[in-house]
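Chemist: okay, structure incoming, though there's no sequence with it:
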Ligand code: DX5
Ligand code: ZN
């Protein structure tokens, strides 16, 4: 099944001193979703923002909030992120031993659920939970920082996970190093949802964000059409 392509700019690359303006700008510039990277300095070696900052951003856009939790433990914080305005909450398979319970808890909060795996994790770990997720997210960088180089090995993994998903109503998202050059590789392999941080925000203004989002979208759409 081919789902409409979604481009999700990551606010991690925005100007944190002007988050309200930045989120309104990417909204107007053509973002389909907003990707929100939550880091705890424990599961990943960096600290970003938490539920209160997401709640503050929520007032500035109606776009779908795609919340990527890079935290451990995760269960004690799920309700706070749901309450702050998340539409979908993704959790790492590597973040704890009780992935199934965590995904159940996200669904019980009335939110869409996503499972994420790092570049070094085999996709077999997500197979048992495919019946309870709305999205699979494959990292194409090691999580923790924006602006890292795309790891090519994940292109083949994307192809394999696309086959695993089959006809299930699950989006396949890619996060890390997405540019107009790398987007076609994963789009051709079956990804339908692309996160982009630095490749969008490097422009520094709304016109540039629109240009950058359009360039990623056009490159990915061409690759999907040709695949
Ligand atoms: C990395 C984050 C990504 C990151 C992407 O840990 O999950 O969402 O912000 O940034 P770029 O697009 O710059 O690689
Ligand atoms: Zn992310």
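Modeler: Good, I have the coordinates. These numbers come from a predicted model, not from an experiment. Ligands and ions are numbered 1, 2, ... in the order given.

Chemist: in three-state terms, label the closest residue to ligand 2 within the chain for me.
Modeler: Using C-beta to the ion, the point where the chain gets nearest to ligand 2 is residue 68, with a distance of 3.7 Å. Yep, even glycine has a C-beta here, placed from its N, CA and C like the rest. On the three-state scheme (DSSP: H, G, I helix; E, B strand; the rest coil), residue 68 is labelled strand.

Chemist: against residue 12, how distant is whichever residue of the chain sits closest to ligand 1?
Modeler: Using C-beta to the nearest ligand atom, residue 197 is the residue of the chain that sits closest to ligand 1, at 2.9 Å. Distance, residue 197 to residue 12, by C-beta to C-beta, to the nearest Å: 5 Å.

Chemist: please apply the same query to residue 210.
Modeler: 19 Å.

Chemist: more neighbours, the two?
Modeler: Neighbour totals were compared for residue 210 and residue 12, and residue 12 leads with 22 against 18 (other C-beta atoms under 10 Å).

Chemist: quick check: bridge partners of the closest residue to that one other than its chain neighbours?
Modeler: Here the nearest residue to residue 12 in space, its sequence neighbours aside, is residue 37; by C-beta to C-beta, 6 or more residues apart in numbering that works out to 4.3 Å. Residues in a beta bridge with residue 37, per DSSP bridges, are residue 68.

Chemist: longest helix anywhere in this protein?
Modeler: Looking across the chain with DSSP state H, the single longest helix is helix 206-226.

Chemist: could you point out which element follows the helix or strand hosting residue 82?
Modeler: Assigned by DSSP states H and E, residue 82 falls within helix 78-84. For helix 78-84, the succeeding helix or strand toward the C-terminus, using DSSP H and E, is strand 88-92.

Chemist: what's the mean pLDDT across that following strand?
Modeler: Average pLDDT, strand 88-92: 99.

Chemist: hmm, that strand touching ligand 2?
Modeler: No - figure legend: strand 88-92 not in contact with ligand 2 (C-beta under 5 Å from the ion); closest approach 8.0 Å.

Chemist: for that strand, packing partners?
Modeler: Judged by 3 or more C-beta pairs under 8 Å, 6 or more residues apart in numbering; DSSP states H and E, the packing partners of strand 88-92 are strand 64-70, helix 78-84, helix 99-108, strand 112-117, strand 135-139.

Chemist: is ligand 1 contacted by the first one?
Modeler: Spelled out, that is strand 64-70. Yes - residues of strand 64-70 contacting ligand 1 under C-beta under 6 Å from any ligand atom: residue 68.

Chemist: got the contact list for that strand?
Modeler: 8, 32-40, 43-44, 54, 58, 77, 81, 85-92, 95, 114, 116, 135, 137, 143-144, 173, 175, 195 (C-beta atoms under 8 Å, 6 or more residues apart in numbering).

Chemist: give me the subset of those touching ligand 1.
Modeler: The residues of the contacts of strand 64-70 that also fall near ligand 1, by C-beta under 6 Å from any ligand atom, are 35, 37, 143-144, 175, 195.

Chemist: and ligand 2, which of those residues reach it?
Modeler: 37, 175.
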